[in-house]
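A.B. asks: return atomic coordinates for the entry below.
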Amino acid sequence: MISAMRGFGTKLGWILVAAAVGASACADDGGNGSGGATTGGATSTDGSADGSAGPTATDSSMATSGATTAGADDSDSGGETDGPPMACEPFGKWPAPETTFVLPAREGTGIYYPDVQASFPEVDWATLDRLYVPAGQYTQLNLGNLPDRSPDDPLVITNMGGQVRIGPPNPTDNFLWAMEGGSNWVLTGRYDADAGTGDESAPGHRCGEYASSRGNYGFWSDDAFAMRDYLHMGISVGHARAYEIEFVEVERSGFAGIRLLNSWDDGELPMADVRVHDNYVHDVDGEGIYFGWTGGPPSNLTPGLQVYNNRFVRTGNEALQIQDIGPGTEIHHNVIAWAALHWRDNGLGAYQDGNSQISIREGDVEIHHNVFIGGAGTLGSFWSQAQSGDGDRNVVFHDNYFADSRNQAVYFGGSMTSGSSLAFTDNFVRGLEFSYDDLDPMATPPTAVFRLAPEIGGDVSFTGNAWDSDLPLVEGGMGPAQSDNVQGPLDAIAFVDSGYPPGVPVDALEAWTAVSTLAPGSPARDYVVGELVTYDGQLYTCVAANTDQPPPEHPESWMQLPAPPDDLRVMPGTAYEGFGVQ
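C.D. replies: Residues are numbered from 1 along each chain as shown. Model prediction:
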């Protein structure tokens, strides 16, 4: 086997989104703090509160356990070897808050403040340390006109007193969770007793507890696959820059799990310096993360983007779709797996069935230590797409794992000329078994692992890559340089506890459908014993051949499997250690 134990390196519009901000006619009337039993109130500067205020960071109803815990998990993680040690990140990511404000909210209704500054003029939004969302389950969340802050003094928005669950929405709601405006704010479900964020009861994957993190993040978005005139996002952010999203779980969104866009229709506003990390997006009908604009130019640039340590798994379309990338972007240590589950019946049509799509406009961009697993069309679809006024592009893909595609492994499209560079270094590719003709009889097998558009020129190199396939490594482009690449058998990646049935091919999992609408003639989908499907966010295995039998209604044909823990850390001591989530 070719060793995968290499170093970390030197560095770690085709759819209109319903405008949630300002859509007051579609929101619950209970989210404005009026009527019913509410919690929330005014700011404090000394840890105290007036009679209308909710708990502050020093109150006993906050995350009261200040004891830092650390240690290791010595339990067996799958019957073979022990899992990784679970060292806890120290508390104190931010200083303890001095001023806090608790949003008034009513359990079971929506939280609706499209202009949060106007709703609470008594708050000093330039200095507020914590904006707390009280624990509870709400049908919607809308926070608009968030303040502009400085990088060294961000506004931290967090849950208080327990978990905040957004959704499922009411039948007439046209959005689930929308945030708008401002800069240098942080949305976090992180439990940090010293910083006064989150709650001990909802720690997410803190201390390496990935296997028990499902349903246990401080913020949990659940759209229940609401299929309306407007497809919902698990969380959408617009007209903002320099913000951070962490320790948020998103599931069952009708469209993308996380949707981030500064629309050009609202004016030129680059979505700069955004950080999305330590999130868990799973079992969604569209993309896992959908960043930027996929329509025609012009569009807003996204420089300084940081996407890392996320799990984007079991998605209907691409698990990761990021457009308009600009200078200083780094995408690393993510697990992007079991994508394009709706490849047979995608409502958006063909060509929405890859694993990942990344479009780069200008600047230095680094994409490394990611795990890309499972796709139907093209596993990795990457593009060099400059707009008017953009500069050169210098792009490096290194130390990534690409595996299990029904069709092309990697395609790099668009155009590049002298002055730009593209390097694929120390990547691993395996599990290429062409089967796309199961859906499209006219499809033909790929002729190389990496395929470059004819217009990809400049300084293009492939160095130190390893691939397990009979295909040549690369074709196309304008004569890319190749050196020290190795063709031969590669180990499959080993996770601590994925929950995926052992020995079952990755491509055995699809979203259940009665009809393959994208196949000629839209034939019925006939299931055979052993096939796996997702249905309403649950996994089922076929135990009797059947056609047009929805799993929950036919236990004689389908057996529900346990919810996968998705502990997708790479097993220590195995190939690809150091890749993916940490």
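
A.B. asks: what about the longest strand that the chain contains, distance to the chain center?
C.D. replies: Using DSSP state E to define each element, the chain has its longest strand at strand 155-166. On the basis of Cα atoms, centre = their mean, to the nearest Å, strand 155-166 sits 19 Å off its chain's mean C-alpha point.

A.B. asks: and that strand, which strands flank it?
C.D. replies: Sheet partners assigned to strand 155-166 using DSSP bridges are listed as strand 130-138 (parallel), strand 185-188 (parallel), strand 219-222 (parallel).

A.B. asks: how is this structure partitioned into domains?
C.D. replies: 24-57+108-426+434-492, 507-563 (automatic domain parsing).

A.B. asks: do you know which of those domains lies nearest residue 501?
C.D. replies: domain 507-563 (7.1 Å; Cβ to Cβ). In short, each C-beta sits where N, CA and C put it, glycine included.

A.B. asks: straight-line length of that closest one, end to end?
C.D. replies: 18 Å (Cα to Cα, to the nearest Å).

A.B. asks: ok, now stretch 282-299?
C.D. replies: Criterion Cα to Cα; first-to-last residue distance in stretch 282-299 is 28 Å.

A.B. asks: buried ones in it, by neighbour count?
C.D. replies: By 16 or more other Cβ atoms under 10 Å, the buried positions in stretch 282-299 come out as 282-294, 299.

A.B. asks: report pLDDT for residue 21.
C.D. replies: With respect to pLDDT, residue 21 scores 34.

A.B. asks: just to revisit the earlier point, nearest to residue 252, of the buried residues of stretch 282-299?
C.D. replies: residue 283 (5.8 Å).

A.B. asks: tell me the secondary structure at the closest one.
C.D. replies: Here residue 283 is strand, with the state taken from DSSP: H, G, I helix; E, B strand; the rest coil.

A.B. asks: burial of the nearest residue in space to residue 455 that is not next to it in sequence, as a residue count?
C.D. replies: Once flanking residues are discounted, residue 455 sits nearest to residue 415: 3.7 Å by Cβ to Cβ, 6 or more residues apart in numbering. Residue 415 is flanked by 15 other residues according to other Cβ atoms under 10 Å.

A.B. asks: just to check, residue 415 is in contact with residue 456?
C.D. replies: Yes: assessed by Cβ atoms under 8 Å, residue 415 is found in contact with residue 456 at 6.8 Å.

A.B. asks: which neighbours do those two share?
C.D. replies: residue 384 (Cβ atoms under 8 Å, 6 or more residues apart in numbering).

A.B. asks: where do the helices sit along the chain?
C.D. replies: All helices of the chain, identified by DSSP state H, fall at 116-119.

A.B. asks: remind me which residues of it are low pLDDT?
C.D. replies: For the chain, applying pLDDT under 70 flags the ranges 1-86, 227-230.

A.B. asks: circling back: from the buried residues of stretch 282-299, which is closest to residue 245?
C.D. replies: residue 289 (9.8 Å).

A.B. asks: identify the bridge partners of the closest one.
C.D. replies: Assessed by DSSP bridges, residue 289 has beta-bridge partners residue 258, residue 320.

A.B. asks: list the contacts of it.
C.D. replies: Counting by Cβ under 8 Å, 6+ apart, residue 289 touches 256-260, 276, 281, 307, 310, 312, 319-322.

A.B. asks: now do residue 284
C.D. replies: Counted by Cβ under 8 Å, 6+ apart, residue 284 has contacts 234, 250, 251, 252, 253, 255, 256, 257, 314, 315, 316.

A.B. asks: all set now, cheers.
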